[in-house]
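Asks: Build me a model:
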Amino acid sequence: MGRMSRQDQPHLFFLGGTLVLQGVGQETAVPPFFRWLNGHWRCEAVHYRHVLPWLRQQHLENRVPHWTNLDAALQDGRSPHDYQLESLRAWHAADRWGSIVLPTGAGKTFVALRALAETAVSALVVVPTIDLLHQWYARLEIAFQMPIGVWYGLEKDAQAITVTTYASGWAHAEALGSRFGLLIFDEIHHLPAPSWHEIALMCAAPYRLGLTATYPEDEEGEKGALLHRLVGPVVYRKRAWMN
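Replies: Numbering: from 1, shown residues only. Below is the predicted model:
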C-alpha cells in the first residue's frame, strides 16, 4: 500500500466560519463543541482556542491558522499610565482573552496598540463606524509604520494589521475568519447587536480584546453572557481616572 498523502491525513481546517475535522470518524471521542454534520465533525470557529489542547494530544495536523507572526515595534514613546499597564497585565493573565473597561479619554486605543505589539500576530481591529475606522487606520499606521489593511465597502485590502467595521466584518466573516490571530473590538458594547456578533463567532482567533467605556451593566444578562462567550469576561475595569 502506498503512503498516505498529506491531504488524506487527519487534520483540522477552517471552512465558512467553522472548524472541520477531516479524516476523523464518528466513533472518535471529540470535544463537546463538535457536532456530526454531513459526514464530518464540525463546530463554530470561536472554539478554536479550546480545541487546541485536544488537537495536540491527538497529534492531529492543524491547518486552521492563516495568520502570521508580526515583527511590529510600537513607534510610540509615551509612557503608559499605571492603570494601562495594570489592564494589560490582567488581560495577559487571562490568556489574552477578555475585555478592558476604561472611561472615555483614558487611552483605550493606546492600550490596544501595546496589546497588539506584545501579542505580535496578525490582528483585525473591528470598529462601529467609518469615522472610527479612519481614526484607527491613521493611529495604526503612525504607531507601527507599516502597511495597514482596510476592509469595508469597495476597499478589500487585508494586511497583517487590518481595520474593518462591525457590519463589514460580519458580512465577510467567512473570508476573514482564519486570517487573524488577534481580534480587537473597539466599543465592544456594539458586538451583541443582531448579526454583528457573528464576526466573533465565525473567527478562529485565539486572542481577543474588547474595549469600551460602557460595558453592559447587566453582565449576567443576555448581552453580557454573549460577550463573555465570544470575547471573554471583563478582566479590568476603571470607573474614573485623572490626568
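
Asks: tell me what the lengthiest helix in the chain is packed against?
Replies: In the chain, assigned by DSSP state H, the helix with the most residues is helix 130-144. If contacts are counted by 3 or more C-beta pairs under 8 Å, 6 or more residues apart in numbering; DSSP states H and E, helix 130-144 sits against helix 108-119, strand 123-127, strand 149-152, strand 161-165. C-beta here means a position set from N, CA and C on the backbone, and glycine is covered the same way.

Asks: for stretch 145-164, what is the average pLDDT?
Replies: Averaged across stretch 145-164, the pLDDT comes to 94.

Asks: Pull up the distance across it, start to finish.
Replies: Length of stretch 145-164, first residue to last, C-alpha to C-alpha, to the nearest Å: 19 Å.

Asks: and what of stretch 185-194?
Replies: First-to-last residue span, stretch 185-194, C-alpha to C-alpha: 16 Å.

Asks: where do the strands sit along the chain?
Replies: 11-15, 18-22, 35-37, 40-44, 61-62, 97-101, 123-127, 149-152, 155-157, 161-165, 182-186, 207-212, 234-237 (DSSP state E).

Asks: Please list the outside residues in contact with the longest one.
Replies: This means strand 207-212. Contacts of strand 207-212 with the rest of the structure, by C-beta atoms under 8 Å, 6 or more residues apart in numbering, involve 91, 96-102, 108-109, 111-112, 115, 119, 121, 181-189, 191, 200, 227, 230-232.

Asks: List only those of the residues you listed flagged as buried.
Replies: If you count burial by 16 or more other C-beta atoms under 10 Å, the buried members of the contacts of strand 207-212 come out as 91, 96-102, 108-109, 111-112, 115, 119, 121, 181-189, 191, 200, 227, 230-232.

Asks: How many residues are close by the spatially closest residue to A167 that is not a sequence neighbour?
Replies: Closest residue to A167 apart from its sequence neighbours, by C-beta to C-beta, 6 or more residues apart in numbering: W196 at 7.0 Å. Neighbour count of W196, defined by other C-beta atoms under 10 Å: 19.

Asks: Domain map for the protein?
Replies: 6-62, 82-237 (automatic domain parsing).

Asks: So which of those is nearest D76?
Replies: Closest to D76 of the domains of the chain is domain 82-237 (C-beta to C-beta; 5.5 Å).

Asks: what's the first-to-last distance across that closest one?
Replies: 13 Å.

Asks: quick check, distance from it to the centre of its chain.
Replies: Chain-centre distance of domain 82-237: 7 Å, with C-alpha atoms, centre = their mean, to the nearest Å.

Asks: Report the contact partners of the spatially most central residue of the chain.
Replies: Centrality entry for the chain: nearest residue to the mean C-alpha point is L183, 2.6 Å, by C-alpha atoms, centre = their mean. By C-beta under 8 Å, 6+ apart, the contact list for L183 reads 123-124, 126, 199-200, 203, 205, 207-209, 231.

Asks: what does T162 give?
Replies: 123-125, 148-151, 176, 179-180.

Asks: run the last query once more with 6 Å
Replies: Residues near T162 by C-beta atoms under 6 Å, 6 or more residues apart in numbering: 124, 149, 151.

Asks: State the distance from Y152 to T68.
Replies: To T68, Y152 is 22 Å away according to C-beta to C-beta, to the nearest Å.

Asks: more crowded one of those two?
Replies: Y152 (18 against 13).
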